[in-house]
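A.B. asks: the following block contains a protein sequence and its predicted model.
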Amino acid sequence: MVIDRHEDVTAAVLQAMSTTPDPRLRRIMASLVTHLHAFVRDVRLTEPEWERAMAFVCGLGQATNDVHNEVILASDAIGLSTLVCLLNNGNAGNTETAAALLGPFWRMNSPRTENGGTIIRSPTPGPALFAQCLVRNARGEPLAGVEVDVWQASPAGMYENQDQTQADMNLRGKFVTDTEGRFAFRSVKPAGYPVPTHGPVGELLAAQQRHPYRPAHLHFLLLQPGYKTLVTQVFVDDDTHLGSDVVFGVTNRLIGGFHRGEGPPPAPDAGPDWYALDYTFVMEPGEAVLPVPPIK
Ligand code: BEZ
Ligand code: FE
């Protein structure tokens with residue numbers, strides 16, 4: 001079809017794409033083009049604004065490398081990752097879910113660590129944290145043999161792969177639940193941190209006068225055959241940014257109880273300032289598949 005006016009463009013593109021054999025791809029692209037064209041008409045996008053938008057998308061790719069994923073960060077900062085997460089977990093978004101966005105810092109192959117062991121692999125400041133967790137299904141039955149990946153930023157606000165001063169895989173570990181569905185580990189109490197702001201996402205946040213902070217949290221990825229892989233985060237309950245997470249990851253279900261330890265710590269070298277976390281993870285039936293790691 002030959003185009004005369006702007007109104008003709010959408011129909012021409014939809015017609016051109018209608019030959020797509022894969023029905024899901026056909027539906028996704030038709031809907032995307034329809035909404036994108038409607039958005040352009042709605043805001044009457046100018047040519048300089050279109051150029052700026054293209055430069056923004058190019059910048060996301062250019063700022064992405066083996067240790068940093070600016071594309072995922074952009075998806076997170078506009079709520080896209082959380083929307084997809086909540087739509088696909090917890091009964092198609094109709095009930096509360098235990099899932100949260102993966103974020104850009106999950107790495108494959110974190111070190112296997114014995115149940116109760118530490119994920120501190122190089123000197124790391126901050127109060128000691130002793131986490132005791134239970135994994136069960138919706139019927140309340142404990143799940144044994146679940147592989148649990150844990151990762152967190154240091155209290156200085158950096159993941160080990162962003163920070164030369166930390167050992168490789170510091171504050172990352174992989175555990176397996178015992179016969180009672182439990183796993184435990186030692187770490188440091190996480191602190192809130194700003195997401196990376198050196199790229200186009202940082203520029204956008206500044207232009208929107210948004211702060212770049214995430215409330216303090218631990219990340220978890222739980223894998224068990226017969227269950228939907230549970231990707232989630234547990235947030236520190238006294239953080240001031242719980243209601244304004246820059247990437248919209250906080251749900252009420254995910255705010256953990258980080259209790260100030262009383263009495264002698266579980267390990268003698270922990271010092272008097274220590275915390276305990278008790279948390280229960282609930283896995284939904286489904287497929288055990290690993291996400292594509294955003295970084296190497
Ligand atoms: C994170 O928690 O690791 C994270 C999530 C989204 C964007 C940046 C960092
Ligand atoms: Fe994080």
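C.D. replies: Ah, there it is. Numbers count the residues shown, from 1 in each chain. Ligands and ions are numbered 1, 2, ... in the order given.

A.B. asks: residues of the chain that sit close to ligand 1?
C.D. replies: 73, 76, 103-105, 195, 214, 247 (C-beta under 6 Å from any ligand atom). Glycine gets a C-beta too; all of them are placed from N, C-alpha and C.

A.B. asks: pick out the lowest-pLDDT one from the residues you listed.
C.D. replies: Lowest in pLDDT among the residues of the chain next to ligand 1 is residue 104, which has 82.

A.B. asks: OK, contacts around that residue?
C.D. replies: Residue 104 is in contact with 68-69, 72-73, 76, 294-295, counting by C-beta atoms under 8 Å, 6 or more residues apart in numbering.

A.B. asks: looking at those, which is nearest ligand 1?
C.D. replies: For those, the residue nearest ligand 1 by C-beta to the nearest ligand atom is residue 76; the value is 3.9 Å.

A.B. asks: re the thing from before, neighbour-wise, which of the contacts of residue 104 leads?
C.D. replies: residue 73 (26 neighbours; other C-beta atoms under 10 Å).

A.B. asks: who's the closest spatial neighbour of that residue, skipping the chain neighbours?
C.D. replies: The shortest distance from residue 73 to any non-neighbouring residue, by C-beta to C-beta, 6 or more residues apart in numbering, is to residue 201 (4.9 Å).

A.B. asks: identify the residues contacting whatever helix or strand the one you found lives in?
C.D. replies: Per DSSP states H and E, residue 201 falls inside helix 200-207. Helix 200-207 is contacted from outside by 56, 59-60, 63, 70, 73-74, 77, 195-197, 211-212, 246, using C-beta under 8 Å, 6+ apart.

A.B. asks: what residues of that helix count as buried?
C.D. replies: Neighbour-count burial for helix 200-207 flags 200-202, 204-205 (criterion: 16 or more other C-beta atoms under 10 Å).

A.B. asks: and the helices in the chain?
C.D. replies: With DSSP state H, the ranges of helices along the chain come out as 6-17, 23-43, 47-62, 70-77, 80-87, 200-207.

A.B. asks: deepest of these, which one?
C.D. replies: helix 70-77 (a mean of 22; mean count of other C-beta atoms under 10 Å).

A.B. asks: that one vs helix 80-87, what angle?
C.D. replies: Note on geometry: by axes from the mean of the first three to the mean of the last three C-alpha atoms, to 10 degrees, helix 70-77 and helix 80-87 are set 60 degrees apart in direction.

A.B. asks: helix 70-77 packs against which elements?
C.D. replies: Applying 3 or more C-beta pairs under 8 Å, 6 or more residues apart in numbering; DSSP states H and E, one finds that helix 70-77 makes contact with helix 47-62, helix 80-87, helix 200-207.

A.B. asks: and those, which one averages the lowest pLDDT?
C.D. replies: Looking at the helices and strands packed on helix 70-77, the weakest mean confidence is helix 80-87, a mean of 92.

A.B. asks: who's in contact with that one?
C.D. replies: With contact meaning C-beta under 8 Å, 6+ apart, helix 80-87 is reached by 72, 75-76, 93, 97, 99-103, 231, 247-249, 251.

A.B. asks: what's the answer for stretch 255-270, then?
C.D. replies: 128-130, 186, 189, 218, 234-238, 242, 271-272, 274-279.
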